[in-house]
Structure formats: C-alpha cells, structure tokens
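**Student:** with the input below, show me the fold.
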Amino acid sequence: MSPRNPYRAGAPVGNSDAFVGRIEILDSIQATIKDLHQNAILLYGQRRIGKTSVLQELETQLSNNGYCPIFIDWHDKREWPLNKVLEELVLIISISLEQERPVLGNDLPTTFKEWFFEQLLNRQNKPLFFLFDEFDVIGTSESANDVTDYLFQLLNLNPQRLNWIFSIGCQIEKLTDRVVEAFGRIENQFISYLDKTETKKLIQLSENNKTLKWSSESIDKIWTLTAGQPYFTQRLCDKVWNHLYQEQSAQIPIVTLQIIAIVIPKILEEDSILEGSFWRPLTIAEQVVASALAQQKDWLKFIKPLGEITKQLETARDSLIEWALIREDKDNYRFSVEIIRLWVEKNKSFYYEDIDSIEPHALKLYETAKQLYDEKRFKYAKNLLEIVLQLNPYHTKANRLLAEIWRNEKQWGQARQILENLYEYNPETAKEPLVQILLKLAESQEYHQKSEKLVGLFEKMAFWWQSTFSTDANGEKQQFELYKQVLDIDRDNSIARQKKQALKKTQKENHWKHRTKRFFVNHWREVLFIVTLVLSYFFVFFSETFPSEMILELEMDNKQTSYTLKGIPSSERYELQSITISHDSVYEKNSPTFQYDNYQKITLTQTVDNKSYSMNRDRLYQEFPNIQHFQYPQQDKPFDFVFYFTFKEQENYRKVNFYCDAFNTKRRSVPCAVKEKGHLSIFRGIPWYFIGTLLGIFLIIIGEIINAIRKEPKPDNYGY
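**Tutor:** Residues are numbered from 1 along each chain as shown. Now for the predicted structure:
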C-alpha cells in the first residue's frame with residue numbers, strides 16, 4: 001500500500017481526521033444555540049483561517065443533534081438577483097427536508113416567505129439551521145442590498161425552529177452599512193490561529209499515519225513560521241511530505257530543518273493565493289503599513305516625518321492588529337505569521353510612492369495634473385499639484401512634478417524647498433533632483449536676480465564674468481554651504497567635492513581672479529568681439545548639432561583594407577525594418593559583420609543579387625530574442641550601430657565607396673548616407689555655444705598670462 005499524504009492544504013477539513021482544535025469555538029456555538037433569545041451567530045476571521053472547516057464540522061454535529069443543517073457557499077453568488085437566490089434556497093431546503101421541489105409562481109419573494117413559514121411550523125420537519133459560508137461576498141456588494149434585506153427579514157421568523165450562522169472573511173466594518181447594522185445585533189465569534197498544542201497535533205498527522213517522523217526542532221520551526229495559521233501549516237507540511245516522497249524509501253523519512261529550508265521558497269513563489277486571500281482585501285493604507293513592517297522598519301521612525309497622514313496609518317495599523325495580521329512587540333510591531341511577512345517582503349516591497357494612493361481624490365487630481373504637464377500646460381498643472389499637496393502633503397509624485405515645474409521655470413529656491421521636504425521622509429526619491437538643484441544654486445549664486453536687471457546682451461555677459469570671478473566672502477560662504485549640503489546627501493558626489501576643495505583654495509586663486517577681472521573690465525569689448533566671431537563660425541557649421549537623417553560615418557585603416565561604418569546618433573527617431581549596405585569592390589576578404597548595441601556581432605549574408613548586405617528586424621530578433629525594437633541610435637539614446645568590412649590588400653588599390661538604403665517599419669524609405677569621417681567630426685554633438693564660450697575663456701586666459709606682471713597681496717581668510 002502506497003503512503004498517503006494526510007495534509008489537505010487549501011481544502012476544507014471539517015468532519016475529517018485533519019480537523020484539529022477549535023473546541024472552544026464549537027462549544028461556544030453550541031451554548032449560543034441553546035439560548036432562547038439568540039438564534040444567529042457571526043463567525044469572522046482571515047481568509048484561509050479555517051472558517052469553512054468549522055462550518056463543516058458543525059454541520060455534522062448539528063445533524064447528529066436533531067437539526068437539519070443547510071450549508072450554502074456564497075462565494076460565486078455576488079451578482080445573483082433575489083429571485084435566483086430564492087430559487088437556489090428552495091432547491092437546497094427541499095433536498096435537505098427530503099421533499100419535492102414546490103412551484104412557487106412568479107411572485108417568488110412573497111410565495112417563498114409563505115412556503116418557508118409553513119416548513120418552520122411543520123413539526124414533522126427538523127429545525128432548520130442555515131450555515132452561510134463566505135457571506136461577505138454579498139455583504140460587501142451594494143447591488144445585493146435587496147438580497148441581504150430579504151434574508152435579514154427571515155432572521156427572526158421563528159427563533160425556536162430557525163437558526164443561522166454567517167461566516168465572513170473580512171472585518172465587520174468593511175461590509176455595507178445595512179449589513180453592519182444587522183450583524184451588530186447578533187453575537188459574533190472571531191476565528192484566529194491554532195494554539196501551539198493544536199498546531200503540533202496538525203503537524204503530526206503524518207506521524208499518526210506513519211509516513212513521516214518529526215523532530216522537535218522541525219515542529220518548532222513550523223510553529224515559528226506559521227504561528228498556528230492553519231493554511232500555511234498544512235501547506236508547509238504538504239510541501240515537506242511531497243519533497244521527501246519524491247523518491248521511494250524503505251524507511252520512514254525524518255523531517256529536518258534543512259528540508260524545511262528547501263520548501264520555504266516554493267511557498268513564497270505561490271503568490272496567487274496570498275494575493276487574493278490576504279493582500280487584495282487590505283485597504284491602501286493597510287498595504288502601506290504591511291509592506292513597511294515586512295521590511296522590519298522601525299514604526300516610530302517610519303511615521304515621524306509623515307505628519308498629517310500619520311492618523312490614517314495608525315488607524316490602518318490598529319486594523320491589522322485587530323485582524324491578527326500584526327502584533328505589538330515592545331516598542332515596535334511585527335507580523336504575526338512570519339511566512340506571510342516573508343511573502344510580503346519578497347513580492348510587495350515598500351515604496352513611499354504607495355502613500356500617494358491613500359487619498360483617492362488627491363490621486364485623481366494628480367493624474368489630471370500629470371496629463372496637463374505632458375501637454376505642456378504647466379501653469380494649470382502647477383495649480384492642480386498645489387491642491388493635491390494640500391490634500392496629501394506626502395504625495396511623492398506630486399512633489400517631484402511640482403519641483404520639476406519650478407526647476408523648468410528656473411525658480412531654484414521653490415524647487416529646493418519642495419525637495420528638501422520630500423527628502424525628510426523619502427530620501428531615495430528626492431536625492432538626485434535635490435542634488436541637481438543645490439549644484440545649480442551654487443553655480444548661479446545670486447546671478448539670476450541681478451542679471452535680470454541688465455538689458456543688453458553684452459552687459460549681461462560682462463556681469464556674468466564679473467560674478468564668476470568675484471571674491472565676495474559672503475557669496476563664497478553660501479556656495480560652500482550648498483556644496484557641503486550636497487555632500488551630506490551624496491558623499492560620493494565628485495562635483496561638489498571638487499568645488500568645495502576649490503573654494504578652500506580660493507585664497508591662492510583670488511590673485512588670478514583680480515588680475516583677470518581687471519583685464520576683462522578694461523578689454524571686454526575686444527574679447528567679446530573675438531568670442532562673437534567664434535560663435536558665428538560655429539553657428540554656421542554646427543547649427544544642427546545632430547543630423548536629422550541616418551549617417552554612417554566611414555573610417556578605414558592606413559592600408560585601406562578594414563572599413564568601419566558607425567551610426568551617428570540622429571535627432572529623429574527611426575524604427576527600422578531593414579538596412580542594406582553595398583560597395584563597389586570585388587576584393588572582399590571576410591564576410592562583413594554587424595554589431596547592435598552591446599550584443600555580439602552578427603555575420604551578414606549577401607542579398608540575392610550578391611552585391612549588397614542587409615540586416616533586417618526579423619534576423620535581429622532571431623539572433624537576440626530579448627530585443628524588442630530595431631532602432632537607429634538617437635541623440636538621447638546612443639548605442640553601437642556598426643558595420644565592419646574587410647578587403648584583400650591590392651596594388652594600386654583605390655578607396656572603396658559605400659552606399660546604404662534603409663526602410664522603416666511602414667516599408668517607407670528613410671534618408672541614409674555614408675560619409676567619411678573628417679577632422680570636424682570630433683565636434684559633433686557638442687553645443688556650439690559651449691565651444692564658443694570655452695574658446696573665448698581660453699583667449700582671455702592667454703591675455704591674462706601675457707599681462708600678468710606682478711602678484712597682488714592675498715585677500716583675508718574668510719573663515720573656512
């Protein structure tokens with residue numbers, strides 16, 4: 001006889017050997033039944049806690065005690081109309097009473113009540129005892145109010161011969177107001193976890209049927225992981241049993257801690273049951289609290305910076321405690337069931353962005369503001385975002401977006417204030433933009449306020465130069481503090497570190513700043529004239545920083561045998577179907593290759609006419625299945641797009657000419673050209689105004705070196 005797995009994970013176990021414990025609950029129900037003034041009981045508890053098993057066990061006990069138990073599972077009846085529910089009740093009651101199903105006519109709500117009352121008065125029938133499982137499916141649906149209202153009218157029709165037990169898998173206050181009011185008048189029982197003795201008895205089912213042996217350490221480990229949660233206890237034991245019986249053994253297997261460690265990851269991967277039974281019924285605030293505690297965050301440190309929404313999170317915390325999902329542990333809170341915590345930690349990582357959803361109205365307004373931002377209607381987006389932050393000051397995305405708008409408007413101070421507040425409770429999100437703002441403030445110290453008063457271009461440039469080389473102690477101290485704040489946030493920031501060190505050396509550098517400043521004040525017209533000429537030159541030749549068409553830049557070795565065609569990033573987006581390269585040489589040495597991004601090179605094959613080589617989308621997807629697009633490089637997304645050709649070395653060999661043809665995914669030709677790399681190629685992609693400015697500064701430095709005759713006294717130390 002083959003060994004039998006005694007564990008039934010996920011299935012009800014009432015009226016079977018796998019049903020353990022629950023004696024106090026069953027005794028309490030039996031006592032309530034005998035109370036002449038109480039004929040209804042509400043059982044509530046977490047999903048997968050064993051409520052259905054209790055009802056099944058109770059069904060057997062009631063049948064043995066002279067009742068007619070009628071078990072009805074409501075999980076698939078959420079959208080049933082009243083008439084369909086009553087038809088189902090007529091069928092089930094008739095079968096239970098061993099009667100023929102009556103024909104009650106069209107006015108079913110009226111005729112059912114009359115027929116039902118007759119059955120209660122008939123002393124030949126056993127007293128009816130309804131066991132309603134998963135009634136919260138009806139109790140949380142506003143559309144089912146007519147069903148719940150009708151059933152509650154039957155509740156006290158004949159208390160001596162009619163009893164009810166309702167089972168729900170959610171907290172009572174999460175039901176509709178009508179159902180909460182009705183349930184408030186009847187006794188309720190909370191079904192929680194098994195105690196340690198009951199859990200041990202459940203674990204040892206496999207010892208009872210002599211299929212496994214459990215060490216005390218293994219039993220304690222299961223208890224530590226499940227805390228008596230019946231489903232997970234059964235699930236873990238089931239996984240252990242199946243793992244040990246993967247191979248036939250002549251001896252009874254022994255469960256060890258190593259075996260339990262092997263099956264735990266398998267439990268954590270089965271997230272569909274926990275997703276539906278545990279996670280989805282939680283409110284957004286409860287999910288935020290649960291995911292934070294799953295990462296074992298300190299509760300007081302977690303809520304301290306959250307100010308006005310702390311009350312919502314504390315309410316959610318208290319709800320989770322009441323539901324026995326978490327428990328108080330000294331000055332912090334812990335998950336009651338460790339295996340659930342492990343699942344949440346693995347599958348529901350905490351992000352402060354989750355707090356964005358706590359206030360639904362604020363969330364909707366943010367989505368509208370984001371749409372306005374995408375449409376470049378920044379003024380209206382900014383107004384909406386300010387309203388969002390009034391409703392939920394800790395809305396991460398709203399803070400980020402509002403700071404971005406202020407930044408685009410060059411209002412560095414407002415952007416800094418928002419990001420500093422965001423950094424207090426969500427440093428990971430605020431870190432990068434805040435560092436950028438602080439660096440910008442340091443670089444443009446007091447520049448914008450003063451330069452806006454200047455009218456002419458030359459006056460503004462002169463003021464910029466003067467501000468850049470200023471030795472004002474107060475301004476430099478402010479810059480120093482800004483760089484220090486950057487390093488407090490990001491201690492590895494090389495820009496701030498270098499700038500801070502540079503400020504410390506300002507005493508030595510001030511001498512050259514004074515000389516350069518005086519030179520510029522005396523000769524700024526000549527310098528600006530030269531810079532203007534340089535800028536004009538680069539404006540003519542580099543007005544289009546990146547080409548709009550596809551350009552393959554041609555490079556060759558000294559012997560003109562190896563050629564490389566490299567794609568230059570374009571200002572336009574090209575989604576390619578194919579690209580074909582042809583040349584006018586017949587001395588090919590090796591088959592050409594193509595490299596896309598950082599993937600391996602692909603050997604190209606000749607086209608049908610044997611005069612060209614083609615690379616298309618299908619070939620690329622075949623070689624690299626994880627690639628989703630065949631794109632040409634863009635200026636903001638550069639990557640390798642290179643063809644390699646090798647030719648035999650020949651006497652009197654001439655340079656090979658290449659040509660290209662490309663088609664997009666709509667089968668339309670796109671502009672494509674092969675151009676030889678020239679000496680000006682090194683400037684491609686560098687803004688013309690940047691090059692011009694650098695050249696202008698270079699000329700001025702040369703002038704300073706030439707005119708530097710003497711050294712000036714060092715300025716006073718300003719206290720670094």
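**Student:** give the contact list for the closest residue to residue 236 other than its chain neighbours.
**Tutor:** With C-beta to C-beta, 6 or more residues apart in numbering as the criterion, residue 236 has its nearest non-adjacent residue at 5.7 Å, and that residue is residue 222. C-beta coordinates here come from the backbone N, C-alpha and C atoms, glycine included. By C-beta atoms under 8 Å, 6 or more residues apart in numbering, the contact list for residue 222 reads 199, 203, 233, 236, 237, 260.
**Student:** flag every buried residue along stretch 570-578.
**Tutor:** By 16 or more other C-beta atoms under 10 Å, the buried positions in stretch 570-578 come out as 570, 574, 576, 577, 578.
**Student:** give me the contacts around that stretch.
**Tutor:** With C-beta under 8 Å, 6+ apart, stretch 570-578 has contacts from 544-551, 614-617, 629-635, 662-667, 670.
**Student:** ok, back up a step: least confident pick among the buried residues of stretch 570-578?
**Tutor:** Among the buried residues of stretch 570-578, residue 570 carries the weakest pLDDT, at 87.
**Student:** separation between that residue and residue 620?
**Tutor:** To residue 620, residue 570 is 18 Å away according to C-beta to C-beta, to the nearest Å.
**Student:** and the contacts of stretch 570-578, which of them are buried?
**Tutor:** Among the contacts of stretch 570-578, those that count as buried by neighbour count (16+ other C-beta under 10 Å) are 546-547, 550-551, 614-615, 617, 630-633, 662-664, 670.
**Student:** of these, closest to residue 356?
**Tutor:** residue 631 (32.5 Å; C-beta to C-beta).
**Student:** backbone dihedrals for the closest residue in space to that closest one that isn't next to it in sequence, please?
**Tutor:** What sits nearest to residue 631 in space, not counting adjacent residues and going by C-beta to C-beta, 6+ apart, is residue 575, at 5.8 Å. With angles defined as degrees, to the nearest 10, residue 575 sits at phi -100, psi 110.
**Student:** per-residue pLDDT, residue 575?
**Tutor:** In this prediction, residue 575 carries a pLDDT score of 91.
**Student:** tell me where the stretch 451-600 of the chain has strands.
**Tutor:** Under the criterion DSSP state E, counting those that start in this stretch, the stretch 451-600 of the chain contains strands at 550-556, 562-568, 576-583, 588-596.
**Student:** and residue 157, which of those strands is closest to it?
**Tutor:** Across those, closest to residue 157 is strand 576-583 (C-beta to C-beta), at 74.0 Å.
**Student:** now the angle from that closest one to strand 562-568?
**Tutor:** 150 degrees (axes from the mean of the first three to the mean of the last three C-alpha atoms, to 10 degrees).
**Student:** next one, pLDDT for residue 166 please.
**Tutor:** Value for residue 166, per-residue pLDDT: 91.
**Student:** could you find the closest non-adjacent residue to residue 254?
**Tutor:** residue 213 is the one closest to residue 254 (C-beta to C-beta, 6+ apart), at 4.6 Å.
**Student:** I figured residue 585 hits residue 647, correct?
**Tutor:** Yes: using C-beta atoms under 8 Å, residue 585 makes contact with residue 647 at a distance of 5.7 Å.
**Student:** residues that sit against both of these two, list them.
**Tutor:** By C-beta under 8 Å, 6+ apart, residue 585 and residue 647 have these common neighbours: residue 656.
**Student:** tally of neighbours for the closest residue to residue 624 other than its chain neighbours?
**Tutor:** Closest residue to residue 624 apart from its sequence neighbours, by C-beta to C-beta, 6+ apart: residue 599 at 5.3 Å. Using other C-beta atoms under 10 Å, residue 599 is surrounded by 15 other residues.
**Student:** what are the buried residues along the helix or strand harbouring residue 268?
**Tutor:** Assigned by DSSP states H and E, residue 268 belongs to helix 257-269. Neighbour-count burial for helix 257-269, counted by 16+ other C-beta under 10 Å, picks out 259, 260, 263, 264, 267, 268.
**Student:** between those residues, which is closest to residue 160?
**Tutor:** residue 267 (47.8 Å).
**Student:** if I pick that closest one, what's in contact with it?
**Tutor:** Contacts of residue 267 (C-beta under 8 Å, 6+ apart): 232, 235, 236, 239, 339, 343.
**Student:** in terms of pLDDT, where does it sit?
**Tutor:** pLDDT, the model's per-residue confidence, is 85 for residue 267.
**Student:** picking up where we left off before, looking at residue 585 and residue 647, which is more packed in?
**Tutor:** Legend: neighbour count by other C-beta under 10 Å for residue 585 and residue 647, higher for residue 647 (21 against 17).
**Student:** now do that one, the pLDDT please.
**Tutor:** So residue 647 comes in at 82 (pLDDT).
**Student:** next: residue 569.
**Tutor:** pLDDT, residue 569: 88.
**Student:** now do it against residue 547, distance only.
**Tutor:** According to C-beta to C-beta, residue 569 and residue 547 sit 9 Å apart.
**Student:** go on, residue 29?
**Tutor:** From residue 29 across to residue 547, the span is 81 Å (C-beta to C-beta).
**Student:** who touches the residue lying closest to residue 168 once chain neighbours are set aside in this structure?
**Tutor:** Excluding its sequence neighbours, the residue lying closest to residue 168 (C-beta to C-beta, 6+ apart) is residue 136, at 3.7 Å. Applying C-beta under 8 Å, 6+ apart to residue 136 gives the contacts 168, 169, 170, 174, 175.
**Student:** what about the first one, how many neighbours?
**Tutor:** So that's residue 168. If you count neighbours by other C-beta under 10 Å, residue 168 ends up with 27.
**Student:** likewise for residue 193?
**Tutor:** Using other C-beta under 10 Å, residue 193 has 22 other residues around it.
**Student:** now residue 14
**Tutor:** Residues contacting residue 14 under the criterion other C-beta under 10 Å number 20.
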